[in-house]
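S.K.: Okay, here's the prediction I keep looking at, along with the sequence it came from:
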Amino acid sequence: MIRTLVASSLLCTSSSFAIDLHVNASAGPYTTVQSAISAAAAGDRVLIQDIGMVTDYVEDIDFLGKDIIVRSDPTNTWPVAIVGTGLGPVVTMNSGEPPSAELSFLYIKGGNAVPPLNAGGGIYMDGSAGMIKNVLINHCTGLLGGGVAIMNSSALLYNVHIVDNNGAASGTYGVAGGGLYV
């Protein structure tokens, strides 16, 4: 990752440019989505690549309060999914992410909300204002919003499909908002 420092004889200014961080399970430079998120700075894009077939990244990710975009690489020819570990929400935005923080063009599946909140098996958002677009969320569980839980937040959801969460296929039924809890 290279950040550019621009200097002039009269004025020294630091100029930061957004970069793309590529995640590829077999070739890197980042092999996990979370490692790329951890390395990202404001404005960067984390581009998740397929590996020449349908590709699942098995991990739970946290935006860490960053103003970044996490999405499937636009050059992909195969679907990409983030599959939860079953130990918590697949995607977490709970550190004050701004409205421009974005999750897009991905499948989110296999999340499991855990105590104490039991909220948002697929996506858990609390105290943030991120954007979720062109995402399919399925086979996630939680007592509050098996698919998505949005609490104390203002989120934008666009073309989000929340399907078969807390249902017979997942083996659990939610208390409130089987698919979506706001």
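M.R.: Okay, I see it.
S.K.: Quick check: neighbours of whichever helix or strand I108 is part of in the sheet, parallel or antiparallel?
M.R.: Here I108 sits within strand 102-109, counting by DSSP states H and E. Its sheet considered, strand 102-109 pairs with strand 69-72 (parallel), strand 80-83 (parallel), strand 131-138 (parallel) by DSSP bridges.
S.K.: Each with direction, which strands does the helix or strand just after the last one pair with?
M.R.: Downstream of strand 131-138, the next assigned helix or strand under DSSP H and E is strand 148-151. For strand 148-151, the paired strands and their directions (DSSP bridges) are strand 123-126 (parallel), strand 180-181 (parallel).
S.K.: and those, which is most packed in?
M.R.: Highest mean neighbour count among the strands paired with strand 148-151 (mean count of other Cβ atoms under 10 Å): strand 123-126, with a mean of 26. Quick note: C-beta positions are derived from backbone N, CA and C, even for glycine.
S.K.: Let's verify Q34: helix, strand, or coil?
M.R.: helix (DSSP: H, G, I helix; E, B strand; the rest coil).
S.K.: correct me, but it touches D62?
M.R.: Yes. Taking contacts as Cβ atoms under 8 Å, Q34 lies within contact range of D62: 7.1 Å.
S.K.: measure stretch 151-165 end to end?
M.R.: The straight-line separation of the ends of stretch 151-165 (Cα to Cα, to the nearest Å) is 18 Å.
S.K.: from now on call the first residue 7
M.R.: Right, with 7 as the first residue, what we last looked at is stretch 157-171.
S.K.: Quick one: residues in contact with it.
M.R.: With Cβ atoms under 8 Å, 6 or more residues apart in numbering as the test, stretch 157-171 has contacts from 99, 105, 125, 127-128, 131-148, 152-154, 176, 180, 184-188.
S.K.: can you map out the helices along the protein?
M.R.: For the chain, applying DSSP state H gives helices covering 39-45.
S.K.: could you point out where it is predicted with low confidence?
M.R.: Counting by pLDDT under 70, the chain shows low-confidence ranges at 7-22, 173-180.
S.K.: Could you rerun that using 80?
M.R.: Within the chain, the set of residues satisfying pLDDT under 80 comprises 7-22, 172-184.
S.K.: thinking again about what came up before, now tabulate the strands paired with strand 154-157 in JSON lines and tack on distance to H28.
M.R.: Formatted as JSON lines, the strands paired with strand 154-157 follow (distance: least, Cβ to Cβ, whole Å):
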{"stretch": "strand 129-132", "distance to H28": "23"}
{"stretch": "strand 186-187", "distance to H28": "31"}
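S.K.: and A47, which of the ones you listed is closest to it?
M.R.: Set against A47 and scored by Cβ to Cβ, the strands paired with strand 154-157 come closest in strand 129-132, at 21.5 Å.
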